[in-house]
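> Dropping a prediction and its sequence here:
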Amino acid sequence: MTPTLDIANLTKTFDGVKALSDVSLSVSRGERVALLGHNGAGKSTLMKIILGLIPADAGRIDVCGSAPGGPAARAKVAYLPENATFHSALTGLEQIAFYMRLRGESPKGAMALLERVGLAHAARRRIGTYSKGMRQRVGLAQALIGHPSLLVLDEPTSGLDPVSRRDFYELLDGLAAEGAAILLSSHALTEVEARTDRLLILSGGQMVAEGTLNALRRKAALPVAIQVSAINGYDVDLLRAFPDAIKLGNTVRLTCTQDDKLDTLAQVAALRDKVADIDVIPPSLEEIYAHFSRRSGQ
Ligand SMILES: Nc1ncnc2c1ncn2[C@@H]1O[C@H](COP(=O)(O)OP(=O)(O)OP(=O)(O)O)[C@@H](O)[C@H]1O
């Protein structure tokens, strides 16, 4: 099946600054893809090109089967900026009805959209009285006008509390289940790890890694930590068995490669009369992210 968003070898330079170099990616129907990258990595530039706001210098980009920015693509793509702003004197209902008219749709569906994003109870209140989470929901309702096939979301959960974040991702899950392709940028590594299907890491304008977290973890091949709690007084025996281990209070911390993990655990298990507990600590998403970002000198 043709991906909803298909990008190959995209390049963009601003006054000698290479914002994107040879970037390729695709997002399929029903997929939730997170775009990660340090400040200045090129995320916004990529989104602007997808939306047709600026042209690429070179490369191919196909948005829902059309060129970016044309009427066909614009009808199928929705965008939510990081800090969506609305007229504070309008109610949520008036704002969405206004956008629907702008898009040539009947404003009668405005309440249904607000219900969808959990704002029906406040639909007739002025947006000036809304919390940040509620304003973000207005933004999402606005993005959902016209049943978009591709949602481009720029840090959609920044500034939201944990419950609002969870609610926001539940809404995205529902949209993806209905077939929308979702590309969202974020700096919140832990939440995208749990709530998206695939990660893309941009660094210095280059796509330095792409895949599921497990695939990236295998590719990074970072050391695994094994934390062993010794039964009182036996930590000396553990340190003798593992001379490179570090003693941390009552526990002994070993590190090994992913490939050596089972052998190392078997060695620890052989000392079971002296061991109270074992914890295996895989590399965190932050460590994996730093590994790929650093590779390009960032
Ligand atoms: N209009 C412009 N003129 C000149 N340079 C630009 C322009 N837009 C972006 N850049 C440069 O391109 C690079 C990529 O910027 P971009 O805004 O895409 O990064 P980003 O990943 O979105 O960063 P952030 O997380 O801070 O929003 C940066 O070096 C930036 O300074």
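Good, I have the coordinates. What you are looking at is a predicted structure, and each value in this text was computed from that prediction instead of being measured. Numbers count the residues shown, from 1 in each chain.
> gap between residue 133 and residue 126?
Counting by Cβ to Cβ, to the nearest Å, the gap between residue 133 and residue 126 amounts to 16 Å. C-beta coordinates here come from the backbone N, C-alpha and C atoms, glycine included.
> same deal with residue 82?
The span separating residue 82 from residue 126 equals 23 Å under the rule Cβ to Cβ.
> Within the helices and strands, which one has residue 112?
When secondary structure is defined by DSSP states H and E, residue 112 falls within helix 110-116.
> same thing with residue 23?
Assigning secondary structure by DSSP H and E places residue 23 in strand 17-27.
> which helices and strands does that strand pack with?
Packed against strand 17-27, as judged by 3 or more Cβ pairs under 8 Å, 6 or more residues apart in numbering; DSSP states H and E, are the following elements: strand 5-14, helix 43-51, strand 181-185, strand 206-211.
> Out of the ones you listed, the one nearest residue 257 is which?
Taking Cβ to Cβ as the criterion, residue 257 comes closest to strand 206-211 out of the helices and strands packed on strand 17-27, the separation being 19.2 Å.
> what about that closest one, average pLDDT?
Along strand 206-211, the predicted local confidence has a mean pLDDT of 94.
> Kindly report the same for stretch 78-85.
pLDDT averaged over stretch 78-85 gives 88.
> Same question for stretch 15-33.
When pLDDT is averaged over stretch 15-33, the result is 95.
> ok, now stretch 158-173?
Throughout stretch 158-173, pLDDT has a mean value of 87.
> again with stretch 286-293
Averaging pLDDT residue by residue across stretch 286-293 gives 87.
> which outside residues touch that stretch?
Stretch 286-293 is contacted by residues 36-38, 189, 201, 203, 208-209, 213, 216-217, 220, 222, 283 when judged by Cβ atoms under 8 Å, 6 or more residues apart in numbering.
> related to what we said a few turns ago, winner for burial among the helices and strands packed on strand 17-27?
With neighbours taken as mean count of other Cβ atoms under 10 Å, the helices and strands packed on strand 17-27 reach their highest mean count in strand 181-185, at a mean of 25.
> returning to that earlier point: restrict the contacts of stretch 286-293 to contacts with the ligand.
Taking Cβ under 6 Å from any ligand atom, the overlap between the contacts of stretch 286-293 and the neighbourhood of the ligand is residue 37.
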